[in-house]
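Colleague: Here is the input, now give the coordinates:
(one chain, ligands or ions: 2)
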Amino acid sequence: MPNRSPLLLRGRLLSFDAAPAGAEDTDAYVYEEDGALLVIDGKIAARGRYETVRDKAPDGKVEEVDHRPHLLLPGFIDTHLHFPQVQVIASWADQLLDWLNDYTFPAEQRFADKHHGDRIAGAFYDLLLSHGTTTAVAYCSSHPASVDAYFEEADRRRMLMLGGKTMMDRNAPPALCDTAQNSYDDSKALLQKWHGRGRAHYAVTPRFAITSTPAQLEAAGALLKEHPACHLQTHINENHNEIALTKELYPDAAHYLDVYESFGLLGPKTLLGHCIHMTGHEMQRMRETGSVAVFCPTSNLFLGSGLFDKAGLESAGIRTSIATDIGGGTSYSMLRTLDEGYKVLQLQRQRLHPLTCFYWITRGNAEALSLTDRIGTLDEGSDADVVVLNARATRPMALRMETVESLAEELFVLQTLGDDRAIAETYVAGIASKPV
Ligand code: GUN
Ligand code: ZN
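Modeller: Residues are numbered from 1 along each chain as shown. Ligands and ions are numbered 1, 2, ... in the order given. Modelled structure (predicted):
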């Protein structure tokens, strides 16, 4: 794709340098009331006050887009969702294991067909971008063709996406089951094909302990050891029946996390979905290995899984991220996800500040992925993935905004009332991408 001419995006800039320590921690972020970003070759070449940045633009060649009075933030990052569950969202089920058997496994079987994967990939990326999400970490199905569909479409759109083939060799329909050996071979071939191609990152993806034999988890560990640049994603401690069945399948493990640790699956690039029902020993090993606990609030409420203890995990020194978990999750929107997350934490008397919330879905999630040099901020040198937010997008938002007096209040309106209607534009590598 040819590079476009330089772009000057004008608006109110907000980008985080660190997690805000509290409401008054203005050192944690940069806010520019009349700001601009200069985008050259898909990267942020300059950021600052509008007049200053405009003067840095190459003479005569720059295309200027005035987004005032909207906010410009780094594109949102979703750290856990399932690409083959676009048609599973909103399925009326009991809890996790029934939901998997009754709806999820049947839907994932359709991804053996590459045409189906291609069609859903187009819709999937349209949905992510229209909700302001520019990077996500997804489980594909167990079929290699689904991984190709996923990364081919991301590549066409120049998106930085992470994902991988779901490894699962038991306790699922035969049409979804691979074997320890062929899941290793297929994952390795896909990883060699996709990791580092364009903006793609591969994640080794054993679904969870219940659907993997020890031999398969060993294969996942071997892949990770051979390719330490790759991430690893799996699920843990989401649901009580899941935990009980895992204990039966791995009777020698000290606890659920120990199943994964004993196969070498923990580390700073490990993303562990849910982490709701954690023991003290598990928390200690999470901290010591630098593994990330991924909070999926809409999913945890929808499946009745439980309440994520953000303060407890973070005070134990555990890294956290936040995610939609489509299709157990019920919205593609990271704004809706923050809203539900806020309520999950309110129930535990943990009150999340709006600045912390927007840190979390931008820089915070980039830190969890060890990718802050590329995404999650508006820093010079970053990829130009940018979301434009309109806090007056709907009547309730516009009326509430009449009384808003601070940036924090505006952010809280966006997270409490906002959804895809609040996304005025999404830029991927400097190219506007919101479908009309
Ligand atoms: N545990 C194993 N697979 C899944 C899945 O697809 N969704 C959720 N929420 N939990 C899981
Ligand atoms: Zn999941």
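
Colleague: Tell me which residue of this protein lies closest to ligand 1.
Modeller: Nearest residue of the chain to ligand 1: residue 328, at 3.4 Å (CB to the nearest ligand atom). For the C-beta atoms, the positions are set from N, CA and C on the backbone; glycine is no exception.

Colleague: residues near that residue, how many?
Modeller: Residues lying near residue 328 (other CB atoms under 10 Å) number 31.

Colleague: Is it in a helix, a strand, or coil?
Modeller: Here residue 328 is recorded as coil under DSSP: H, G, I helix; E, B strand; the rest coil.

Colleague: For it, which non-adjacent residue is closest in space?
Modeller: residue 299 (3.7 Å; CB to CB, 6 or more residues apart in numbering).

Colleague: list the contacts for the residue nearest the centre of the chain?
Modeller: Geometric centre of the chain, nearest residue: residue 78, 1.7 Å, by CA atoms, centre = their mean. If you count contacts by CB atoms under 8 Å, 6 or more residues apart in numbering, residue 78 has them with 128, 133, 135, 136, 137, 323, 324, 334, 337, 365.

Colleague: Up against ligand 1, what does the stretch 151-300 of the chain have?
Modeller: 207, 208, 235, 238, 299 (CB under 6 Å from any ligand atom).

Colleague: Could you dump these into CSV with pLDDT added?
Modeller: Compiled in CSV, these are given as follows (pLDDT from 0 to 100):
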residue, pLDDT
207, 98
208, 98
235, 99
238, 98
299, 98
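
Colleague: Tell me which of the residues you listed fall in helices.
Modeller: The helices, defined by DSSP state H, take in residue 299 from these.

Colleague: Show me the residues of the stretch 151-300 of the chain next to ligand 1 that map onto strands.
Modeller: Among these, the residues falling in strands (DSSP state E) are residue 235.

Colleague: Just the closest of the residues of the stretch 151-300 of the chain next to ligand 1 to residue 109, please.
Modeller: Nearest to residue 109, judged by CB to CB, of these is residue 207 at 14.1 Å.

Colleague: Please name the residues that touch that closest one.
Modeller: Counting by CB under 8 Å, 6+ apart, residue 207 has contacts 139, 166, 167, 168, 234, 235.

Colleague: low pLDDT regions in the chain?
Modeller: 1-3, 434-436 (pLDDT under 70).

Colleague: Get me the contact residues on this protein for ligand 2.
Modeller: Neighbours of ligand 2 within the chain, by CB under 5 Å from the ion: 273, 325.

Colleague: Buried ones only from the residues of the stretch 151-300 of the chain next to ligand 1, please, as a PyMOL command.
Modeller: To isolate the buried members of these in PyMOL, using 16 or more other CB atoms under 10 Å:
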select buried, resi 207+208+235+238+299
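
Colleague: thinking again about what came up before, quick one: which of the contacts of residue 78 has the most company?
Modeller: residue 334 (32 neighbours).

Colleague: picking that back up, run the chain-centre distance for the helix or strand hosting the residue nearest to the centre of the chain.
Modeller: Under the criterion of DSSP states H and E, residue 78 resides in strand 76-82. Its chain's average C-alpha position is 2 Å from that of strand 76-82, according to CA atoms, centre = their mean, to the nearest Å.

Colleague: oh, and call the first residue 792 from now on, that's how I've got it
Modeller: In the new count, where the first residue is 792, that last one comes out as strand 867-873.

Colleague: returning to that earlier point: for my notes, please list the contacts of residue 998 in a markdown table and give distance to residue 1072 for each entry.
Modeller: Formatted as a markdown table, these follow (distance: CB to CB, whole Å):
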| residue | distance to residue 1072 |
| --- | --- |
| 930 | 27 |
| 957 | 28 |
| 958 | 26 |
| 959 | 27 |
| 1025 | 18 |
| 1026 | 19 |
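
Colleague: and those, which two are the farthest apart?
Modeller: Maximum distance among the contacts of residue 998 (CB to CB): 12.4 Å, for 958 and 1026.

Colleague: hmm, back to that, does ligand 1 have contacts with the strand holding residue 869?
Modeller: Yes - using CB under 6 Å from any ligand atom, we find that strand 867-873 touches ligand 1 at residue 873.

Colleague: May I have the strands that pair with that strand, each with its orientation?
Modeller: strand 924-930 (parallel) (DSSP bridges).

Colleague: list the helices and strands the strand or helix carrying residue 937 packs on?
Modeller: Per DSSP H and E: residue 937 is located in helix 935-947. In terms of contacts (3 or more CB pairs under 8 Å, 6 or more residues apart in numbering; DSSP states H and E), helix 935-947 is packed against helix 905-921, strand 953-955, helix 971-985.

Colleague: out of the ones you listed, deepest packed?
Modeller: Of all those, strand 953-955 carries the top mean neighbour count, a mean of 27, counting by mean count of other CB atoms under 10 Å.

Colleague: Give me the helices and strands touching it, please.
Modeller: Looks like strand 953-955 contacts strand 924-930, helix 935-947, helix 971-985, strand 992-997 (3+ CB pairs under 8 Å, 6+ apart).

Colleague: Let me have those in TSV, extended by distance to residue 847.
Modeller: Listed next are the helices and strands packed on strand 953-955 as TSV, based on distance: least, CB to CB, whole Å:
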stretch	distance to residue 847
strand 924-930	24
helix 935-947	31
helix 971-985	36
strand 992-997	31
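
Colleague: what's the neighbour count on residue 849?
Modeller: Look at residue 849: counted by other CB under 10 Å, it has 11 neighbours.

Colleague: was I right about it contacting residue 797?
Modeller: Yes - contact criterion CB atoms under 8 Å: residue 849 and residue 797 qualify, at 5.7 Å.

Colleague: Give me the secondary structure label for residue 796.
Modeller: Following three-state DSSP, the label given to residue 796 is coil.
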